[in-house]
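A.B. asks: Dropping the sequence and predicted coords here.
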Amino acid sequence: MICKADQKIDMAMVLAAGLGTRLRPVTDHTPKPLVKVGGKALIDYCFDLIRGAGVSNAVVNCHHLADQIEQYVGKIQDLNITLSDERQQLLETGGGVLKALPLLGSQPFAVLNSDVIVRDGLNTSLKKLIHFWDPDKMDIALLMQSTTSAVGGHPHGDYLMDGMGRLARRDEREVAPYMFTGIQILKPELFKGMKEEAFSLNRLYDIAEKKGRLFGLVHDGQWLHVGTEEAIRKAEQKLRGQ
């Protein structure tokens, strides 16, 4: 039997195929992952987390203005990056990961949203989540943020958490103490039997929750959602320490 210490995660996927409609007209000419916030492209914040975790392989999906994404990641030399091409059909988060499974391999992997900034002193958030990951009791591990400390995102939060880190989705009338940061670890077998079509990863979260195998780790740094121009202004203020 493989012990937890031997379960090395060395593959990550960056979700970079979205249309970025709330950021128009900026995203009419620049794909959202390449929009600069604090002088740096959004996707580079993801790559910093991947490097900080010691992960060397990454898959990046692309759809909107895909040529720009392809050219940008092609210049990165210190990571082994493969593109998952969704030019023909935008597949949302779950469908995008499912399409990329042949590139991601048979072992658990990390997935990062490219429309958020997750910051800490040494870019170790993903590394901490990997250390937290226990495949014997988890099918999915989500990095969570305190709802009250998040900049942007849903003001009512996403999940409740018990003392062991097990997550339960909030009732629509509740305010939850934690929201999902967009950083996670998934098992590839979760996608078994699923049709390659557009669907949200929320479908998998709900399945794992029902089995008691959806867990969360609270992030103790900054979390900034950058879905709109106003959110970018707020994020840049935070990055400047204001």
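C.D. replies: Nice, thanks for sending it over. No experiment lies behind these values; they were computed from the predicted model shown. Numbering: from 1, shown residues only.
A.B. asks: residue contacts, residue 137?
C.D. replies: 213, 215 (C-beta atoms under 8 Å, 6 or more residues apart in numbering). Backbone N, C-alpha and C define where each C-beta goes, glycine included.
A.B. asks: roughly how far apart are residue 179 and residue 75?
C.D. replies: Between residue 179 and residue 75 the computed distance is 33 Å (C-beta to C-beta, to the nearest Å).
A.B. asks: Settle it for me: which of these two has more neighbours?
C.D. replies: Set side by side, residue 179 and residue 75 show unequal neighbour counts under other C-beta atoms under 10 Å, the larger going to residue 179 at 25 against 7.
A.B. asks: how about the helix or strand of the chain with the lowest mean pLDDT: buried residues?
C.D. replies: Within the chain, judged by mean pLDDT, DSSP states H and E, the helix or strand with the poorest mean is helix 229-239; its value is a mean of 77. If you call a residue buried by 16 or more other C-beta atoms under 10 Å, then helix 229-239 has these buried ones: 231-232, 234-236, 238-239.
A.B. asks: What would that helix look like as PDB? C-alpha coordinates only.
C.D. replies: Output in PDB follows, covering the C-alpha atoms of helix 229-239 (Å, rounded to 0.1, in the frame of the first residue of the first chain):
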ATOM      1  CA  GLU A 229     -12.900  46.200 -13.800                       C
ATOM      2  CA  GLU A 230     -14.000  47.500 -10.300                       C
ATOM      3  CA  ALA A 231     -12.700  44.300  -8.800                       C
ATOM      4  CA  ILE A 232      -9.400  44.800 -10.500                       C
ATOM      5  CA  ARG A 233      -9.200  48.300  -9.000                       C
ATOM      6  CA  LYS A 234      -9.900  46.900  -5.500                       C
ATOM      7  CA  ALA A 235      -7.400  44.100  -6.000                       C
ATOM      8  CA  GLU A 236      -4.700  46.500  -7.100                       C
ATOM      9  CA  GLN A 237      -5.300  48.700  -4.000                       C
ATOM     10  CA  LYS A 238      -4.900  45.600  -1.800                       C
ATOM     11  CA  LEU A 239      -1.700  44.600  -3.600                       C
END
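A.B. asks: coming back round to it: state the pair within the buried residues of helix 229-239 that is farthest apart.
C.D. replies: 231 and 239 (12.4 Å; C-beta to C-beta).
A.B. asks: what residues do the two have in common as contacts?
C.D. replies: Among the neighbours of residue 231, those also in contact with residue 239 (C-beta under 8 Å, 6+ apart) are residue 224.
A.B. asks: what's the single longest helix in the chain?
C.D. replies: Longest helix of the chain, by residue count under DSSP state H: helix 92-104.
A.B. asks: which other residues reach it?
C.D. replies: Contacting residues not belonging to helix 92-104 are listed as 11, 13, 15, 17, 59, 61, 82, 84, 86, 91, 111, 113, 186, 188, 191, 194, 196-204 [C-beta under 8 Å, 6+ apart].
A.B. asks: Could you tell me which of those residues are located in helices?
C.D. replies: Members of the contacts of helix 92-104 lying in helices (criterion: DSSP H): 202-204.
A.B. asks: just to revisit the earlier point, which of the contacts of helix 92-104 are buried?
C.D. replies: Buried members of the contacts of helix 92-104, counted by 16+ other C-beta under 10 Å: 11, 13, 15, 17, 59, 61, 84, 86, 91, 111, 113, 186, 188, 191, 199, 201, 204.
A.B. asks: Report the beta-bridge partners for the fifth one.
C.D. replies: Spelled out, it's residue 59. Counting by DSSP bridges, residue 59 forms beta bridges with residue 13, residue 82.
A.B. asks: quick one: contacts for it?
C.D. replies: Contacts were defined as C-beta under 8 Å, 6+ apart; by that measure residue 59 touches 11-14, 81-84, 100, 103-104.
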